[in-house]
Structures are given as C-alpha cells and as structure tokens.
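A.B. asks: Fold the stuff below for me.
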Amino acid sequence: MQIVEDLTDFRFSADTVVTSGTFDGVHIGHKKILSNLVETGKKEGLKSVVVTFWPHPRFVLKKNDTGLKLLTTFEEKARYIGEMGIDYLVKIPFTKEFSELSSEEFIQQIIVDKINTKKLVIGYDHRFGKNREGGFDYLSANSHDYGFTVSEIPRQDIEHVVVSSTQIRQALSQGDIQTANEFLDRRYALSGFVKEGDRIGRSIGFPTANLDVPESYKLIPGDGAYAVSVEVYGHQYHGMLNIGMRPTVSGEERRIEVNIFDFNKDIYNERLTIHFHELLRAERKFESIDALKEQLALDKLKALKILNNE
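C.D. replies: Predicted structure coming up:
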C-alpha cells in the first residue's frame, strides 16, 4: 500500500474507488467497508483508495476536549488498513481551515480533482463536509455532476458487526479486553519505549520493564494486571503487565510495567509492543511486599494458562 501524505503536487492517474473516514481502531465495522472497497476495485478494475484525516478532527474542532483517547496511532492505522489489501492511503491534514470546506468543495477539490474517483463507497451513516452536511442522499442526487457513482453499504449488511470506536474505548477503559479484542478482530496493542524504573520488581523476583508511551493521545486500558504477549527484538514472548499507581509500594504516578517471562536481556530505551489478551485482576493494595509477591506468582500461573491455551 502506498501512503500519500501530501496531495498538493499529487494527482491519481488511474481510476479509483474511494472511501473516507477517521477509521480509528480499524475495527470490524471498518473492515466491512474496506473489504467491500477492495472487492469492488478488483471487480471493476479500479485502484482502491482510503482517505483519512490526521490529526483526529475532534482534536482540532474541540481543543478544550482533552478526554478523547485514540485506539490507533497513524502508523498503526496505516498498517491495519494496508493489511486489508488497500492500494492507497491518502492522509489529509485536518486543520480548522479544512473543516470549513463544504461537502461540495470537499467532493470536488479532493475526491474528484485530486483522486480521480469513479466510485465512492460509504457506510450507511457516513457524513462529511462542514457541519457533517453531506451524506448518501446528497451524493446520490449529485453524483452524475461529479462523474462518479456512489455505493452505500446498507445497514442490514453490517448490522451483525455494529460497533463503534467509542464502544471499544469504553471496554478497554473498564479492562474488558475480551470485548475490545472481539470488536477489533485482533488483540489491542500498545507500543512504547523502556525507561528506567525503581527496580522494585527485580528485588522480589519479578523484574519489569517500565513502558513510556510517547503518544499522549493513545488509550491506555484501565488499571489492573493483564496477561499479555510482548514483541521485542523481532520476537514475541509471554508476559504479564500491570497498569496503575502501585499502591502497595506507595507509587506516586500511574505506570505501565511488564514482566516478560523467560527473558533477561537489557532493553532500556528499546521499543516494545504489548498485545493484550485478558484481564487477570483489578489493581489493589496488599498488606505487605510478601503478599504482593505471592499474588504475582499466582498471576503468572494464571497468565501462562491463558496464553498457552491460546
């Protein structure tokens, strides 16, 4: 898949079939649309194009709304979209000025003039343009003037996968990994760099890598202990991860710490990718370090059972 980051000096020469949206999470509802796009492109001899916006429109239009956390970074989103077999991903810089484009201007300037669209595929509830004024009815009424046909994926075709990014965010925030993973059709992933910690885990036999996630907008699942798999140095390992304040050791900041099983390499400043499998338990304060150590041993057994069964 080719990523087009600037349309200023770029114009598609081939005829295309196009869809647009934020696609945060690239969940099973999104995949229904993307699969339709790929199938249509192959059947009709068109290049498949996804138009997406970055940063997320809410970050621009609601700057005081700091509560939104995203399921995917742009790099993650691009990777998941590419895995669907899409030919091109067009990244539109979302600015206040861009948000002022009417539906007519967006269609003419981007979809028609730049991307050479011959067919537009949209979900049944998709809206676009200033104040989300454009939709299927508008497109159907004006598609002849624009020189393309429009195809809407009907509600009944995706009812069995009705899911929203908001639902997935809520599930993850509550530690409901199984629901989130089911809606995503993959395990939720979190990447970051290993930074120096206080080495308490090492002193009790459970050394941990302290993960720093550079993207402040990336959603961190709710506090608790999790069974996870860990990608490091191109290999995948089993592990368990804790998110929280670490009340037993009087922690003063929320941390993400992962204990990688059967692993003893120095990985400070290395990038890890965590894949969440299941919540083991909620975070709680133990009466002593020894009690915490006993619980960690039980957590490891439970995590291994989950991970080995999968």
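A.B. asks: ranges for the helices of the stretch 1-150 of the chain?
C.D. replies: In order along the chain, the stretch 1-150 of the chain carries the following helices (DSSP state H, counting those that start in this stretch): 28-44, 57-61, 74-82, 96-99, 103-106, 136-146.
A.B. asks: which residues sit in contact with the closest residue to Q108 other than its chain neighbours?
C.D. replies: Distance criterion Cβ to Cβ, 6 or more residues apart in numbering; nearest residue to Q108, sequence neighbours excluded, is Y146 at 7.0 Å. Any C-beta I mention is one placed from the backbone N, CA and C, and that applies to glycine too. By Cβ atoms under 8 Å, 6 or more residues apart in numbering, the residues touching Y146 are I107, Q108, I111, V112, T117.
A.B. asks: Pull out the buried members of the residues you listed.
C.D. replies: Buried members of the contacts of Y146, counted by 16 or more other Cβ atoms under 10 Å: I107, I111, V112, T117.
A.B. asks: Could you dump those into CSV and include distance to V232 and pLDDT?
C.D. replies: Shown next, in CSV, are these (distance: Cβ to Cβ, whole Å; pLDDT from 0 to 100):
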residue, distance to V232, pLDDT
I107, 45, 88
I111, 42, 90
V112, 46, 90
T117, 42, 94
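A.B. asks: Return the closest of those residues with respect to A282.
C.D. replies: I111 (47.5 Å; Cβ to Cβ).
A.B. asks: gap between that closest one and T73?
C.D. replies: Look at I111 and T73: by Cβ to Cβ, to the nearest Å, they are 26 Å apart.
A.B. asks: list the contacts for the residue positioned nearest the centre of the chain?
C.D. replies: With distances taken as Cα atoms, centre = their mean, the residue of the chain nearest its centroid is T72 (2.5 Å). Contact partners of T72, counting by Cβ under 8 Å, 6+ apart, are D24, G25, V26, Y80.
A.B. asks: again with F261
C.D. replies: Counted by Cβ under 8 Å, 6+ apart, F261 has contacts Y237, H238, G239, M240, K300, A303, L304.
A.B. asks: right, and out of these, which lies closest to E182?
C.D. replies: A303 (19.7 Å).
A.B. asks: surely that closest one meets H238?
C.D. replies: Yes. Counting by Cβ atoms under 8 Å, A303 touches H238, with 7.0 Å between them.
A.B. asks: anything in contact with each of these two?
C.D. replies: Contacts common to A303 and H238, judged by Cβ under 8 Å, 6+ apart, are A227, V228, F261.
A.B. asks: For the one helix or strand the first one maps to, list every residue counted as buried.
C.D. replies: Okay, so that is A227. For A227, the host element (DSSP states H and E) is strand 224-232. Across strand 224-232, burial judged by 16+ other Cβ under 10 Å covers G224, A225, Y226, A227, V228, S229, V230, V232.
A.B. asks: Nearest to K31 among those residues?
C.D. replies: Of these, the one sitting nearest to K31 (Cβ to Cβ) turns out to be S229, at 21.9 Å.
A.B. asks: Tell me which residues touch that closest one, please.
C.D. replies: So S229 contacts R187, Q236, Y237, H238, G239, I274, H275, H277, L307 (Cβ under 8 Å, 6+ apart).
A.B. asks: ok, back up a step: what about the contacts of T72, which one has the most neighbours?
C.D. replies: G25 (28 neighbours; other Cβ atoms under 10 Å).
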